[in-house]
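*Asks:* model this:
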Amino acid sequence: MALYVQKYGGSSVADAECMRRVAQRIDDTRRAGNQVVVVVSAMGDTTDDLIALAKQVNPEPNEREMDSLMATGEMASSAILSMALHARGVPAISMTGHQAGIRVDGTHLKAKIEAIDPKRIRKHLDQGQVVVVAGFQGTNPAEDIATLGRGGSDTTAVALAAALKADRCQILKDVDGVFTANPRTVPSARKLDEIAYEEMLELASAGSEVLQSRAVEFAKNYGVVLEVLSSFEVKPGTLVREEDKEMEQMIIRGIAADKNQAKATLLGVPDTPGVAARIFKTLAAANINVDMIVQNVSAAGVTDVSFTVAKDDINKTKRTIEPLVKQIKAAGLNFDGDIAKVSLVGVGMKSHSGVAYKMFDVLAGNQINIEMISTSEIKISVAIRAQDADQAVRALHDAFGMGKPAPKKKAPAKKKPAAKKK
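*Replies:* Next comes the predicted model:
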C-alpha cells in the first residue's frame, strides 16, 4: 500500500462543485489501494479578501492577529473537503496545523517549519481514514498560530510527505505542470516532463508561482518525489527530481518574471569597511529578505547602495532603514516600486557559454534597459522596468527557442502511377 500526500490549491477548492470534484479525485486514489493525506489552501480568493478586510480596519495590522485571521481560510477548506468526502462515503478527518503536529519558529507571516510529529496523522491513516490538513500554518513556541508565507501550503505538503516518508507528494493545481514560462504571458510556452530540484528552486525564487521555493528545498533535502499536475484533468504532469546528464542538453529550462519587487537605494553612503555589513545586518534582524544588491563605484568617498525586496516589505524596510540613514551619515533613502525581475534558469548553463551575452543582446534589441544584474551557476537575473517584463519574457523565450515544437509537416501523398494502357 502506497502513501500519497496530495495538495490542492485555492482554485481547485474554490466552491462546492470544486470540492466535490477534488473529493472524487481523492476517492479514486484511495480506491486504487493507497493511503491519502491531503493538504488544502484557502478557497479561491479567501486569503486576499481577509487581508483586504483587515487593512480596512487597520492599514498596518498586527502580524500575530493577521496570522490568526489568515489561517482560518485553510481551516474552512479542510473541514468542507472532509464533509465532501463523507458525502461520498469516504471516512475522513480534518486537522489544523497544530493538530497535525506542525511546529514552526517564532516568525509571524513568514514562519519556517522546525519539526513535525506525525503520530496523530498515522493513527488516523491506520484506521482507514483520509486525513485533510489545513495548509500554510503551524504552532510557534508561544503556542500561537503562525503562517508560512504565500504558497505555504506547498511547503506543508512536502514537509508532511518527508515526515511520513510518503511514496509521492503531488501538488495539484489549475495548471498541467511546470512550463517553460507563464503560459498566460507566453502562449507558446510548453509543459516540461521533468525538471531538476535546483532549476525548480531557482525558478520559484525568481517569481514562478507554480511552487513555493521552500517546498522545493524541502523536497531536495529529504528526497521527496515531487509531482506537479492538474487537479482538473487526469494526465501526466511534471516530475521534480535530481538532475542528470540529459538535463544539461537543454541550456535554459525556464524563464520567470517577478513583478512583486521594489528597489531601495541608500544614497551617499560612506565608503568605509563595515558599513554594508551594518545595513544588511539591520535588515536581517527585521526578517526582511534581500534579493539583488548593487554598490556603485565610490566617488569622493561615498557610494550608493541599492537592493531589492518584496514589494509587500516596502513599508517595513523603510521603518527599519530610516533610523540607520542618520546613524551612518548617508545622504538619503529612496524606493522604486516600478521594477520587475526577469530570470533565465537552466542547469545547462554550467556547460554552455554565451547565455548572458545573448540575454543582454535580446533585451537591448527590444530597447529594454537593465538596472541590476545577479547570477548563480544556473541562473541569470536582471531588474528592469515593470512595464517591460512581459515583453522581455516573450522575447527571451523566442530567442532561446523554448516554444512549443513546430508540428511535423506531413509528407506529400505519393501519386499513384497512372494505369498502363492496354
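*Asks:* all helices of the stretch 251-400 of the chain, in order?
*Replies:* When assigned using DSSP state H, counting those that start in this stretch, the helices of the stretch 251-400 of the chain occupy the ranges 275-285, 314-327, 355-365, 389-399.
*Asks:* helices or strands up against the longest one?
*Replies:* It refers to helix 314-327. The elements that helix 314-327 packs onto, with contact taken as 3 or more CB pairs under 8 Å, 6 or more residues apart in numbering; DSSP states H and E, are strand 254-270, helix 275-285, strand 332-345. All C-beta atoms are positioned from the backbone trio N, CA, C, and that covers glycine.
*Asks:* reformat the ones you listed as CSV; add mean neighbour count and distance to S381.
*Replies:* What follows is those, written out as CSV (neighbours: other CB atoms under 10 Å; distance: least, CB to CB, whole Å):
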stretch, mean neighbour count, distance to S381
strand 254-270, 21, 9
helix 275-285, 15, 18
strand 332-345, 20, 4
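*Asks:* just checking, V133 touches S77?
*Replies:* No - using CB atoms under 8 Å, V133 is not in contact with S77, being 10.2 Å away.
*Asks:* joint contacts of these two?
*Replies:* V40 (CB atoms under 8 Å, 6 or more residues apart in numbering).
*Asks:* which of the two has more residues huddled nearby?
*Replies:* S77 (31 against 28; other CB atoms under 10 Å).
*Asks:* need the winner for burial among the helices of the stretch 251-400 of the chain.
*Replies:* Across these, averaging neighbours per residue (mean count of other CB atoms under 10 Å) puts helix 389-399 on top, at a mean of 20.
*Asks:* angle of that one against helix 355-365?
*Replies:* 120 degrees (axes from the mean of the first three to the mean of the last three CA atoms, to 10 degrees).
*Asks:* contacts for helix 389-399 next, please.
*Replies:* 180-182, 185-186, 188-189, 255, 257, 259, 340, 342, 344, 358-359, 362-363, 365-366, 368, 384, 403.
*Asks:* please identify which of the helices and strands packed on helix 314-327 is closest to G73.
*Replies:* strand 254-270 (20.0 Å; CB to CB).
*Asks:* can you tell me which helices and strands the closest one packs against?
*Replies:* Judged by 3+ CB pairs under 8 Å, 6+ apart, the packing partners of strand 254-270 are helix 197-205, helix 275-285, strand 302-310, helix 314-327, strand 332-345, helix 389-399.
*Asks:* want to throw the helices of the stretch 251-400 of the chain into CSV with mean pLDDT?
*Replies:* As requested, the helices of the stretch 251-400 of the chain are exported to CSV (pLDDT from 0 to 100):
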stretch, mean pLDDT
helix 275-285, 94
helix 314-327, 93
helix 355-365, 96
helix 389-399, 96
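*Asks:* now the ones you listed as CSV including distance to S68?
*Replies:* Shown next, in CSV, are the helices of the stretch 251-400 of the chain (distance: least, CB to CB, whole Å):
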stretch, distance to S68
helix 275-285, 24
helix 314-327, 19
helix 355-365, 44
helix 389-399, 35
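*Asks:* all helices of the stretch 51-200 of the chain, in order?
*Replies:* Using DSSP H, counting those that start in this stretch, the helices of the stretch 51-200 of the chain run over residues 63-87, 119-126, 152-164, 197-205.
*Asks:* deepest of those helices, which one?
*Replies:* helix 152-164 (a mean of 27).
*Asks:* ok, now which ones touch the spatially closest residue to C18 that is not a sequence neighbour?
*Replies:* The shortest distance from C18 to any non-neighbouring residue, by CB to CB, 6 or more residues apart in numbering, is to S12 (6.1 Å). Contact partners of S12, counting by CB under 8 Å, 6+ apart, are 18, 22, 41, 172-174, 231-232.
*Asks:* kindly report the same for T29.
*Replies:* Residues near T29 by CB under 8 Å, 6+ apart: 4, 6, 36.
*Asks:* where does the stretch 151-300 of the chain dip in pLDDT?
*Replies:* 245-249 (pLDDT under 70).
*Asks:* pLDDT score for M1?
*Replies:* M1 is assigned 84 on the pLDDT scale.
*Asks:* swap in E377?
*Replies:* 89.
*Asks:* burial of it, as a residue count?
*Replies:* Residues near E377, counting by other CB under 10 Å: 9.
*Asks:* next, the contact list for it, please.
*Replies:* 349-350.
*Asks:* would you check how far apart it and M349 are?
*Replies:* Distance from E377 to M349, counting by CB to CB, to the nearest Å: 7 Å.
*Asks:* ditto for R385
*Replies:* Applying CB to CB to R385 and M349 gives a distance of 25 Å.
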